[in-house]
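Undergrad: need a 3D model of the sequence below.
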Amino acid sequence: MILDNVSMTYAVESNSGASAESQSGLHVAVGRMLTRKKPKVMVEALKPMTLDFYKGESVGIIGRNGSGKSTLSKILCGQVAPTGGQVLAKSTPIMLGVNAALMGDLSGDQNIYLGCLAMGMSLQEIKEKFDSIVELSGLEDAVYLPMKTYSSGMSARLRFAIATAIDPEIIVIDEALNTGDAQFKERTKRRMDQLRENAGLVFLVSHNMSTIKSMCTRVIWLDRGELLMDGDPETVLAAYRKYTWNLARDRKARLEELREIARQSLDDITVNLVNTP
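TA: Below is the predicted model of the structure:
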């Protein structure tokens, strides 16, 4: 899978100037805000980036809130098209979660059939994989209860089990592994290992650094829509932890230094690739 100079820019409405109006009269200001056409500003959600991903990799995507992780996830699985560049993939990536297909009034087992059918599986294929889907979800007898009675963790586990039932070549997982007990996390790790062994490519978006470290072979770090670092989990996570530690203490000068160090690591990768015979 290749991201070729991919970028994403949104046009969003802005309330710029509203605060000045509010000083001259709240009711007048509110009326104007409701009736006038708001100006639009351009927001660069993702700055241009070029990346190559390979079969057998499990790629962690990290960054603070608003860094562009969700935007990148949607671009990777084709939910949105980038405003710049292109995405080249051998097969259609699958985003973890079949929320649109699942129904709260139906039981878990009925949703397994519904979700799997929505992903293109045949009834025979679903029957053959039903027991393994239930086992992976860890729901046991609760699978026969209405899904609306499930906790958010139970729902996330069922979505993961359904989404990974089809052995996709490329799968994007967004935060789903942060719920559940240690036993479920071990089952999901084994399942992700199986996906990679079957020539798969896995993307995992998470704020949980221990999950990223244990389940990923490579990590990319985004900040303010910019790709700052790309490398082995231990190196990237160490740099990110140092960054967030200084961020919590509002050490702005040090933060920019750390960002520059991270950028330099990307430049070093590029130089090494160019010089490789």
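Undergrad: start and end of stretch 195-207, how far apart?
TA: Stretch 195-207 has its terminal residues 22 Å apart, counting by CA to CA, to the nearest Å.
Undergrad: what's residue 261 sitting at in phi/psi?
TA: Residue 261 adopts backbone torsions of phi -60, psi -40, taken as degrees, to the nearest 10.
Undergrad: quick check: which element contains the spatially closest residue to it that is not a sequence neighbour?
TA: Distances taken as CB to CB, 6 or more residues apart in numbering put residue 239 closest to residue 261, at 7.3 Å, once the chain neighbours are dropped. For glycine as for every other residue, the C-beta is placed from the backbone atoms N, C-alpha and C. If you go by DSSP states H and E, residue 239 is part of helix 233-248.
Undergrad: so which elements touch that helix?
TA: Where contact means 3 or more CB pairs under 8 Å, 6 or more residues apart in numbering; DSSP states H and E, helix 233-248 is packed against strand 58-62, helix 209-215, strand 218-223, strand 226-231, helix 252-275.
Undergrad: mind putting these into a markdown table with mean neighbour count and distance to residue 157?
TA: As requested, the helices and strands packed on helix 233-248 are exported to a markdown table (neighbours: other CB atoms under 10 Å; distance: least, CB to CB, whole Å):
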| stretch | mean neighbour count | distance to residue 157 |
| --- | --- | --- |
| strand 58-62 | 24 | 19 |
| helix 209-215 | 17 | 14 |
| strand 218-223 | 22 | 24 |
| strand 226-231 | 21 | 30 |
| helix 252-275 | 12 | 34 |
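Undergrad: which of those comes out lowest on mean pLDDT?
TA: Lowest mean pLDDT within the helices and strands packed on helix 233-248: helix 252-275, at a mean of 76.
Undergrad: can you list the domains in this structure?
TA: If you go by automatic domain parsing, the domain ranges for the chain are 52-96+167-275, 98-163.
Undergrad: re the thing from before, using PDB, list the CA coordinates for the helix holding residue 239.
TA: This file holds the C-alpha atoms of helix 233-248, laid out as PDB (Å, rounded to 0.1, in the frame of the first residue of the first chain):
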ATOM      1  CA  PRO A 233       7.800   1.100  18.100                       C
ATOM      2  CA  GLU A 234      10.400   1.400  20.900                       C
ATOM      3  CA  THR A 235      12.100   4.400  19.300                       C
ATOM      4  CA  VAL A 236       9.000   6.300  18.200                       C
ATOM      5  CA  LEU A 237       7.100   5.600  21.500                       C
ATOM      6  CA  ALA A 238      10.000   6.900  23.600                       C
ATOM      7  CA  ALA A 239      10.100  10.100  21.500                       C
ATOM      8  CA  TYR A 240       6.400  10.500  21.800                       C
ATOM      9  CA  ARG A 241       6.400  10.000  25.600                       C
ATOM     10  CA  LYS A 242       9.100  12.600  26.000                       C
ATOM     11  CA  TYR A 243       7.000  15.000  23.900                       C
ATOM     12  CA  THR A 244       3.800  14.500  25.900                       C
ATOM     13  CA  TRP A 245       5.700  14.800  29.200                       C
ATOM     14  CA  ASN A 246       6.900  18.300  28.100                       C
ATOM     15  CA  LEU A 247       3.500  19.100  26.600                       C
ATOM     16  CA  ALA A 248       1.900  18.600  30.000                       C
END
